[in-house]
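J.: Sequence isn't available, so here's the structure alone:
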């Protein structure tokens, strides 16, 4: 696979490193992972099933350690999540957008 786009996805993992290693493994050389989303982590209050919850700086370090090259990065980005035109309710997240590329040749 040459391209993986993930929107509000990475923080659904109990172990985000496993997600990233799997994406790296299935991407063809030169393929990219495009991610936009918050790091909300959906298991933070579940004591029965602990999860690994990294801040973006830690996550960025892991992404590069796995072998990706960060080719674009924007942080923080405000991203509306829930918005009602019939009320004044708006929910938005501070998100990170990054494009991580699998190198053409192994390093």
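T.: Now that the structure is in, tell me what you want to look at. Here the structure is a predicted model, which means the values were calculated and not measured.
J.: Give the helix, strand or coil label for residue 25.
T.: Secondary structure for residue 25, judged by DSSP: H, G, I helix; E, B strand; the rest coil, is helix.
J.: Name the surrounding residues that touch stretch 68-81.
T.: 8, 20, 24, 32-33, 36-38, 56, 60, 63-64, 90-103 (C-beta atoms under 8 Å, 6 or more residues apart in numbering). For the C-beta atoms, the positions are set from N, CA and C on the backbone; glycine is no exception.
J.: Sorry, wrong one. I was asking about stretch 88-98.
T.: 34-40, 56, 60, 63, 70, 72-84.
J.: can you rerun that using 7 Å?
T.: Contacts to stretch 88-98, defined as C-beta atoms under 7 Å, 6 or more residues apart in numbering, come from residues 35-38, 40, 56, 70, 72-83.
J.: Tell me which of those fall in strands.
T.: Among the contacts of stretch 88-98, DSSP state E puts 35-37, 70, 72-83 in strands.
J.: Selecting buried members of the residues you listed in PyMOL, what would you type?
T.: With 16 or more other C-beta atoms under 10 Å as the criterion, this PyMOL line picks the buried residues out of the ones in strands among the contacts of stretch 88-98:
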select buried, resi 35+36+37+79
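J.: While we're on the residue located most distally from the centre of the chain, how confident is the model there?
T.: Most distant from the centre of the chain: residue 86, at 31.4 Å, with distances by C-alpha atoms, centre = their mean. pLDDT, residue 86: 85.
J.: does it count as helix, strand or coil?
T.: From three-state DSSP, the assignment for residue 86 is coil.
J.: Alright, calling it a day.
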